[in-house]
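Enquirer: Turn this into a structure:
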Amino acid sequence: MKKFNIRKVLDGLTAVSSSSSSSATAQPGTPKENDVVQETLQSEHFQLCKTVRHGFPYQPSSMAFDPVQKILAVGTQTGALRLFGRAGVECYCQHESGAAVIQLQFLINEGALVSALADDSIHLWNLRQKIPAILHSLKFSRERITYCHLPFQSKWLYIGTERGNIHIVNVESFTLSGYVIMWNKAIELSTKTHPGPVVHISDNPMDEGKLLIGFECGVVVLWDLKSKKADYRYNYDEAIHSVAWHHEGKQFVCSHSDGTLTTWNVRAPAKPAQIITPHGKQPKDGKKPEPCKPILKVEYKTTRAGDPFMVLSGGLSYDTVGRRACLTVMHGKSTAVLEMDYPIVDFLTLCETPYPNDFQEPYAVVVLLEKDLVVIDLGQIGYPIFENPYPLTVHESPVTCCEYFADCPAELIPALYSVGSRQKRQGYSKKEWPISGGNWGQGAQSYPEIIITGHADGSIKFWDASALMLQVLYKLKTAKVFERARGKEEKGGTDIVEEDPFAIQTLSWCPESRMLCVAGVSAHIIIYRFSKQEVNTDVVQLLEVRMQCEFSDVDSPDPGGEQTPTLPTSGASSSPQESEPPTQPSTGSNSSDGPRDNIPCLQVRSSTLKQSPGYQVELVIQLVWVSGEPPQQITSLAINSSYGLVVFGNSNGLAVVDYLQKTLLFNMGTSELYSPSEPYQRQPHSPRKARQPSGALCDSNDGSNTSEDRCKSPTSARMSRKISSSSEQKPDLENSFQPFRAMTSRRRSVKDGTESSRMSLKSCVCRTKSAPNSYAKDNSFSRSRSSSVTSIDRESREAISSFHFCESFPRKADGLMNPSLLVGTTQGSVMMVALSLPPTGDQRLQQPVGISSCGTLVRLKGGILTMALLDAAGTLLPPSYEQWYDPNASDEEKEKNRRRRPASPPSSQEGQDSQYAVLCSEKQAKVVAMPSQTRVYKHNITETSFVLRADVVLMAGANCIACFCANGHIMTLSLPSLRPLLDVNYLPLTDMRIARTFCFSNLGQALYLTSPTEIQRITYSQETCDNLQEMLSELFTPVETPEAPNRGFFKGLFGGGAQSLDREDLFGETAAGKASRSLAQHIPGPGSMEGMKGAASGVVGDLARARIALDERGQKLGELEERTAAMMASAESFSKHAHDMMLKYKDKKWYQL
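Expert: Now for the predicted structure:
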């Protein structure tokens, strides 16, 4: 595991870099009290390293199991190794080459593992340390590795190659033996063709001196190791895929490419004792059955009390096209075909004994699928599967968003677990999970951690991530709220996404109140409350919102936009469930002769919704189509339980919803949020640019302020066509403009809470907030700037990117703090919105909430990513929240639990700033003093790249900004002075999945999806890095190897028991000689001595340490010998040169020199 340490480096560079990138001097007029903030965070508190990886191994390719240690190893096509023990015991390591792992072999009960890779290298891993390391590697240069076999309790590894040869490696020293089995000696001399690669190697369970070699062409050879010749050769017409022995060593079974199994008696090589086609149709006339698909693997396991088990994968009939992959279990006369959800990569039968010459007593089958791991119980009727304790279902549906919460309220995890435990499937095996090796770490991390993942199918999963483990707590299916369209004809063409219309795009969660708000790709938002009681909801509360962006040319007397429909009056109220929309010319139309209007993308469920304990729907908000234009997707979202408000934004503007009163409070275009005192914001488009509008979220990563450098909106072309085609409506538009202005002014003051839930409030970018008669003087200003690239053009494509609820000073020089909302945009603007809340209790449910825009607070380069507030001492001021109460409990319990969190001190002394607003964009960070709104600190985070994710996090008792850049850098900045504390080039952005899922959390934790199926957790905390060894789980635990099977009196007297073989005499250097040096290169691993420091005590550990120490000593002696020889050659050369010099100057006088 690679660690990064920049301790004491950046502090020394801060003074130099601050002159160009950071401005920490106070602005004129700013009070000097900001110098009082004592910052405790230093670069010594930070270090970056990976911690653990969760989830299913991506693209698995091989598997192995240690039957004594009970550890499972999985190799992948990208060279990764994942090791699994009991629940919570996981380990990840990576081969540097990244080549696919083609085979794994445990040194059973030795704490070591051999991996064979597709680049023809083999590696020995030491598993006796918490972070496994490679002890030795051997790279073949003239042979391609196809198969490996390591007999139980043997140090000699057989390696089969593509050429058909077999080489032997000593796994202690990782050196090649001179003993080689050549393919031309193994097969019959009369054979004219090459037998193909070696596909199988195994020794006879009863005679270690006999080696069974399977070649791809169908030839199997029983090789006598002592006499170095073939005893028997078994020929079959079909290619071989695998071979399995009977434990008595008298029979073996081969699986073939035509779907047949052949059973051979060892001493009868002429023909198979039995040929069966498990899935072939048997013809009546005695002919050969029809060929089937290849049987890729077969295992033959015996039991003392009954019939043997034969387990195989593949072999299905060719007429079963489209059928899922199957595992077949043949036991006696019964054959069970078990269908799998994904293709089978490999399987292993788990047995009671590690000895191959004893009754195997199989009890389970581990099946490695392309996207799952299944363990089947062979001991129960029907072969049920075991309940998998590992967090392998991260990818059950593709992850679309991710959030990480460290140091949550302690009662949250038990609450989520209690409701999630009722969702578990039934029918699992009653036995304990059989992969039960290893021990948990003794970590000091005791705080609760929760990860929330949103998925493409609309599901949301809550995970317990405490103590470096991961366990699913609860799953929420948001798609249940909607009707499912069965076909394209039922959808009506209102979808804005072809696939996964319920996919989660973003979410906002309040851990204290347990309120959850999620936004989906179909421009829908669902608000959930947490309840421990089941309820039946007859009608789902629905609110439809009409958000539209219009553009017009103000040089002409008639704006060229679309006609504004007549707005309903305040008296036209309707409940959220009311199905009749306000009366409008094209409302709800979805006919073929007119554009779609007022239609949501999804249809909310009309039947009764049974809501189980857990998260239950409070309100559904849907954006609707507007005159044939689909709603823009939600780009930002926030919920506040103390205020009872949800705010969301997109490229058209933002809307605020009161989810207690179920009403829409505020619906405004982005440009309308700017203060009227800023003339460049009041003005609509300059005439030259009026026909190039854009209303989508755009990429502002380059930090440029010109609209030409921004990306184009995907809807700009459509919007331009709409504008140009609506010229015939111009006269009507002028008439309808006056009531629209009145409605806008009413929206910006105290709202009437009885507005229609389907109100058609248009966000209008192009109109000013002044009266219509003020157009004359504004036009002159517009013309004077029409030749330049103005900021007005940029605002036309501005989207909302961030929200933050707070208690602050909405207006400059305010003396009292009020509930406020910070709004950040993709163009780097930060605006303040003031909230006026009624008193709590019944008045809160009856009186309207007042909302007014307070104009721009500050501008930054790049889109705004995160915002926060600090008090005068530099302490973070989190948004206020309401304590959780069960919405279905009695009124007395509700009132007992419902209490609003006390806000910060309510006032500020005259002329003194009592807050800092922390603002971070894609390019820079700023700290602004409140309420004076003066910038006190600024730091340019990056010039050449852009920030993908930024969060204000708690770290070592203080706060800082953590940033992840697109160029792979992870950085932290102190607060409030924005000093760089950490800057590590960690992970270049290679996949948008990383950008979509990377998130920071408190206490130095972060995570991202490193593959479609795996979560990688990292830490940027020095303390966590220091304690990581203790926190990680142990794979190897000292266990006694089971006793060898008793040979019995008669077998010992008359022979017939297992025959042992002294392989050292055969394969050692004395008998076999040295192998060719050019065949393979030995590479010492990085963990040679470090690995043994953490080895377990006991004789085996001491022996292993001694072996490696001797090996290293031999290597050092060899290096010393080489150095000595080099020194001798150098000395001889020096002597020769000295002699030549002496001869040259021997007869010369001193004055001739």
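
Enquirer: what ranges do the strands span in the stretch 901-1050 of the chain?
Expert: 915-921, 924-930, 934-940, 947-955, 958-965, 969-974, 980-985, 999-1001, 1005-1011, 1014-1021 (DSSP state E, counting those that start in this stretch).

Enquirer: a markdown table for the ones you listed, including mean pLDDT?
Expert: Shown next, in a markdown table, are those (pLDDT from 0 to 100):
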| stretch | mean pLDDT |
| --- | --- |
| strand 915-921 | 96 |
| strand 924-930 | 96 |
| strand 934-940 | 96 |
| strand 947-955 | 96 |
| strand 958-965 | 96 |
| strand 969-974 | 96 |
| strand 980-985 | 96 |
| strand 999-1001 | 96 |
| strand 1005-1011 | 96 |
| strand 1014-1021 | 96 |
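
Enquirer: among the ones you listed, which is the most enclosed?
Expert: Mean neighbour count (mean count of other Cβ atoms under 10 Å) peaks for strand 915-921 among the strands of the stretch 901-1050 of the chain, with a mean of 27. Just so you know, the C-beta spots here come from the backbone N, C-alpha and C atoms, and that holds for glycine as well.

Enquirer: Spatially nearest residue to residue 402 (excluding sequence neighbours)?
Expert: Excluding its sequence neighbours, the residue lying closest to residue 402 (Cβ to Cβ, 6 or more residues apart in numbering) is residue 997, at 4.1 Å.

Enquirer: low-scoring stretches of the stretch 301-450 of the chain, by residue?
Expert: By pLDDT under 70, the weakly predicted segments of the stretch 301-450 of the chain are 320-321, 443-445.

Enquirer: Show me the helices in it, by range?
Expert: Here the stretch 301-450 of the chain has its helices, by DSSP state H, counting those that start in this stretch, at 412-420.

Enquirer: Quick check: buried residues in stretch 1061-1074?
Expert: 1061, 1063, 1066, 1067, 1068, 1072 (16 or more other Cβ atoms under 10 Å).

Enquirer: Pick out the most distant pair among the residues you listed.
Expert: Spatially, the most separated pair among those is 1061 and 1072, at 13.9 Å (Cβ to Cβ).

Enquirer: How is this protein divided into domains?
Expert: Domain ranges of the chain: 57-235+1068-1073, 253-385, per the TED database.

Enquirer: Mean confidence (pLDDT) on the longest one, please.
Expert: Averaging pLDDT along domain 57-235+1068-1073 yields 93.

Enquirer: May I have the distance across it, first residue to last?
Expert: Length of domain 57-235+1068-1073, first residue to last, Cα to Cα, to the nearest Å: 42 Å.

Enquirer: From here on, call the first residue 450.
Expert: With the count now opening at 450, the last piece we talked about shows up as domain 506-684+1517-1522.

Enquirer: how far is that domain from where the chain is centred?
Expert: 33 Å (Cα atoms, centre = their mean, to the nearest Å).

Enquirer: now swap in the last one and tell me
Expert: The chain centroid and the centroid of domain 702-834 are separated by 36 Å, computed with Cα atoms, centre = their mean.

Enquirer: any idea which residue sits dead centre in this protein?
Expert: residue 1458 (1.9 Å; Cα atoms, centre = their mean).

Enquirer: residue contacts, the residue nearest to that residue when sequence neighbours are not counted?
Expert: Nearest residue to residue 1458, sequence neighbours excluded (Cβ to Cβ, 6+ apart): residue 1446, at 4.2 Å. By Cβ atoms under 8 Å, 6 or more residues apart in numbering, the contact set of residue 1446 is 848, 850, 851, 1456, 1457, 1458.

Enquirer: Distance of residue 1446 relative to residue 1412?
Expert: Here the criterion is Cβ to Cβ, to the nearest Å. By it, residue 1446 lies 16 Å from residue 1412.

Enquirer: Tell me which helix or strand residue 988 sits in.
Expert: Per DSSP states H and E, residue 988 falls between elements, in no helix or strand.

Enquirer: number of nearby residues for it?
Expert: 15 (other Cβ atoms under 10 Å).

Enquirer: again, but for residue 618
Expert: Neighbours of residue 618 (other Cβ under 10 Å): 27.

Enquirer: So which residues make contact with whichever strand or helix holds it?
Expert: Using DSSP H and E, residue 618 sits within strand 615-619. For strand 615-619, contacts defined as Cβ under 8 Å, 6+ apart pick out 571, 587, 592, 604-610, 624-626, 628-630, 647, 650, 660, 662, 1516, 1524, 1528-1529.

Enquirer: Show me these that map onto strands.
Expert: Secondary structure assignment (DSSP state E) places 571, 587, 605-610, 624-626, 628-630, 647, 650, 660, 662, 1529 from the contacts of strand 615-619 within strands.

Enquirer: Give the closest residue to residue 538 in space, chain neighbours not counted.
Expert: residue 887 (3.6 Å).

Enquirer: Which residue is the nearest non-sequential neighbour of residue 1457?
Expert: residue 1447 (4.1 Å).

Enquirer: Isn't residue 561 up against residue 572?
Expert: No: counting by Cβ atoms under 8 Å, residue 561 stays clear of residue 572, with 10.5 Å between them.

Enquirer: Tell me, how many residues neighbour residue 812?
Expert: Using other Cβ under 10 Å, the number of residues around residue 812 comes to 16.

Enquirer: show me the residues around it that make contact.
Expert: Listed by Cβ under 8 Å, 6+ apart, the contact partners of residue 812 are 799, 800, 801, 826, 827, 828, 883.

Enquirer: now residue 775, nearest residue through space, not along the chain?
Expert: Spatial nearest neighbour of residue 775, excluding adjacent residues (Cβ to Cβ, 6+ apart): residue 786 at 5.0 Å.

Enquirer: Wait, that neighbour touches residue 773, no?
Expert: No: the criterion here is Cβ under 8 Å, and residue 786 misses it with residue 773 at 10.5 Å.

Enquirer: mind listing what residue 1532 touches?
Expert: Neighbouring residues of residue 1532 by Cβ under 8 Å, 6+ apart: 585, 586, 587, 588.

Enquirer: ok, now with 10 Å
Expert: 570, 572, 583, 585, 586, 587, 588, 623 (Cβ atoms under 10 Å, 6 or more residues apart in numbering).

Enquirer: ditto for residue 1460
Expert: Shown in contact with residue 1460 (Cβ under 10 Å, 6+ apart): 502, 504-508, 525, 527, 529, 843-844, 1440, 1442-1443.

Enquirer: Just the buried residues from those, in PyMOL please.
Expert: Here is the PyMOL command that selects the buried residues among the contacts of residue 1460 (16+ other Cβ under 10 Å):
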select buried, resi 502+504+505+506+507+508+525+527+529+843+844+1442+1443
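
Enquirer: Can you lay out the contacts of residue 1460 as JSON lines showing distance to residue 693?
Expert: Written out in JSON lines, the entries for the contacts of residue 1460 read as follows (distance: Cβ to Cβ, whole Å):
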{"residue": "502", "distance to residue 693": "34"}
{"residue": "504", "distance to residue 693": "32"}
{"residue": "505", "distance to residue 693": "28"}
{"residue": "506", "distance to residue 693": "26"}
{"residue": "507", "distance to residue 693": "30"}
{"residue": "508", "distance to residue 693": "27"}
{"residue": "525", "distance to residue 693": "25"}
{"residue": "527", "distance to residue 693": "30"}
{"residue": "529", "distance to residue 693": "28"}
{"residue": "843", "distance to residue 693": "34"}
{"residue": "844", "distance to residue 693": "33"}
{"residue": "1440", "distance to residue 693": "41"}
{"residue": "1442", "distance to residue 693": "41"}
{"residue": "1443", "distance to residue 693": "43"}
